[in-house]
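Engineer: what follows is a predicted protein model with its sequence.
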Amino acid sequence: MQQVRSTVFVQEQGVPAALEWDDSDAAGTHVLAVSDDGTPVGTGRLLPNGSIGRMAVLSEWRGRGIGDAMMSCLLDEARRQGHKRVKLSAQQQAVGFYLRHQFTTRGGPYMEAGIPHVAMVRIIT
């Protein structure tokens, strides 16, 4: 998990390492996608407040449905935990991915860690 997030967020996108790691990791439920040889290639988390975040897939593994599979797992876990609604802070360039997963935008763009984001929510059925 840490290696994937460091590669995607810190190295690739320039997010300061101090902003990437927070106390919420310990409280969250994490998904980890691995290759056939067990190498981590994607990760995401669901926090107790129903917030999904830290979705990351290594660049060479993008476009293969890994993000979709991880999102399905996180939504299933949110249902299992009894959440009626989930929320996230989407990088603006990834809004289309979340729209495909039935999220809707809430409000306009804002900056987070130097990257344009938009708030999104989804009702869990």
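Structural biologist: In hand now; what should we look at? Worth saying up front: this structure is predicted, and the values here are computed from it rather than measured. Residues are numbered from 1 along each chain as shown.
Engineer: can you show me the helices along this structure?
Structural biologist: 2-5, 17-20, 24-27, 66-80, 95-100 (DSSP state H).
Engineer: what residues does the second one touch?
Structural biologist: So the one you mean is helix 17-20. Helix 17-20 has contacts (Cβ atoms under 8 Å, 6 or more residues apart in numbering) with Arg5, Ser6, Phe9, Val10, Ala113. Heads up, the C-betas are built off the backbone N, CA and C, glycines and all.
Engineer: would you list those in TSV and tack on pLDDT and distance to Val41?
Structural biologist: Formatted as TSV, those follow (pLDDT from 0 to 100; distance: Cβ to Cβ, whole Å):
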residue	pLDDT	distance to Val41
Arg5	95	12
Ser6	93	13
Phe9	92	15
Val10	92	17
Ala113	91	22
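Engineer: got CSV for the helices of the chain, with mean neighbour count and distance to Met120 too?
Structural biologist: As requested, the helices of the chain are exported to CSV (neighbours: other Cβ atoms under 10 Å; distance: least, Cβ to Cβ, whole Å):
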stretch, mean neighbour count, distance to Met120
helix 2-5, 17, 20
helix 17-20, 12, 20
helix 24-27, 12, 18
helix 66-80, 17, 12
helix 95-100, 14, 5
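Engineer: returning to that earlier point: write a PyMOL command that selects only the buried members of the contacts of helix 17-20.
Structural biologist: Per 16 or more other Cβ atoms under 10 Å, the buried members of the contacts of helix 17-20 correspond to this PyMOL selection:
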select buried, resi 5+6+9+10
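Engineer: could you single out the nearest of the contacts of helix 17-20 to Val86?
Structural biologist: When the contacts of helix 17-20 are ranked by distance to Val86 (Cβ to Cβ), Arg5 comes first, at 19.7 Å.
Engineer: tally of neighbours for the residue nearest to the closest one when sequence neighbours are not counted?
Structural biologist: Among residues not flanking Arg5 along the chain, Ala56 sits closest, at 5.4 Å (Cβ to Cβ, 6 or more residues apart in numbering). Counted with other Cβ atoms under 10 Å, the neighbours of Ala56 add up to 25.
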